[in-house]
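Novice: Curious how this folds, go ahead:
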Amino acid sequence: MAPTTHDTDLLIVGSGAAGMTAAAVAAAEGLRALVVEKTALVGGTTAISGGMVWIPCQEHLRAGDSVEAARRYLDAGYLTRADTLVGLAARLGIDAGELADTVAAYNEAARTGVDLEFGRGADAYSRYLGDADVGPNPCLAALATPPFFAIALVPSDLGTAAGLTTDPHARVLGAHGAPVPGLYAAGGDMRSIMCGRYPGPGITLGPALTFGYLAAMHAAGAASDDPATSR
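Specialist: Below is the predicted model:
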């Protein structure tokens, strides 16, 4: 592709939620905004983020679910099945005694409703994602009735916690704490206002939309250096 030249008031790197918000707001405020994206996907990481686990007949996913779908996952090796914990351990290649001890500790937590090891079901958000038909803790159902199933889980990133330090207008702050003229950051490039915590859904999308808006408003001159007088 031949190089091209564009005149723009606001150059936006990345077409994620923050970038697209900034572009729309900048255009509405009369600026010429140019969005550049290195991938073929418009939407950035916002369009592809989010790790999910498919669990047969789970309360929030029952629409369109079926036993046949579960069998397909078994046939594909996504789910591992055995009639006993010993058999399941053998198929997984793990120690049967350790698996039995782990299940026993888990079942005790399911009985009492208190997960001392991981705190599952300790807050309203996690309890909402559990099964309302299970008690006393909707996040802990006893593993007592065969057959037993296992699934491989791998870690996945939800968002970044570290990044460029910014002020209330999303201006990037330099080494001495002063704003770098004309440079803004929002979305995954901005240091998270959540400080690595996860209070609930939207902790990446919400700040991306908010600070993308604030950055564009400041760049357009619609926001003053005093947030109290900004519109």
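Novice: What residues are bridge-paired with the nearest residue to residue 185 once chain neighbours are set aside?
Specialist: Excluding its sequence neighbours, the residue lying closest to residue 185 (CB to CB, 6 or more residues apart in numbering) is residue 164, at 4.3 Å. Backbone N, C-alpha and C define where each C-beta goes, glycine included. On the basis of DSSP bridges, residue 164 is bridged to residue 190.
Novice: Name the helix or strand of the chain that has the lowest mean pLDDT.
Specialist: The helix or strand of the chain with the poorest confidence is helix 67-75; it has a mean of 80 (mean pLDDT, DSSP states H and E).
Novice: Could you check the next helix or strand after it and say which residues are buried?
Specialist: Per DSSP states H and E, the first helix or strand lying C-terminal to helix 67-75 is strand 79-82. Neighbour-count burial for strand 79-82 flags 79, 82 (criterion: 16 or more other CB atoms under 10 Å).
Novice: contact partners of strand 79-82?
Specialist: Strand 79-82 has contacts (CB atoms under 8 Å, 6 or more residues apart in numbering) with 56, 70, 73-74, 88, 90-92, 146-151.
Novice: separation between residue 25 and residue 189?
Specialist: According to CB to CB, to the nearest Å, residue 25 and residue 189 sit 17 Å apart.
Novice: Actually, residue 42.
Specialist: Counting by CB to CB, the gap from residue 42 to residue 189 is 18 Å.
Novice: Just want to know which of the two has more residues nearby.
Specialist: residue 189 (18 against 13; other CB atoms under 10 Å).
Novice: which is the next helix or strand following the longest helix seen in the chain?
Specialist: The residue-count maximum for a helix in the chain (DSSP state H) belongs to helix 96-112. Note on helix 96-112: by DSSP H and E, the next helix or strand toward the C-terminus is helix 124-128.
Novice: Number of residues surrounding the closest residue in space to residue 9 that isn't next to it in sequence?
Specialist: Excluding the flanking residues, the one nearest residue 9 by CB to CB, 6+ apart is residue 31, at 4.1 Å. By other CB under 10 Å, 19 other residues sit near residue 31.
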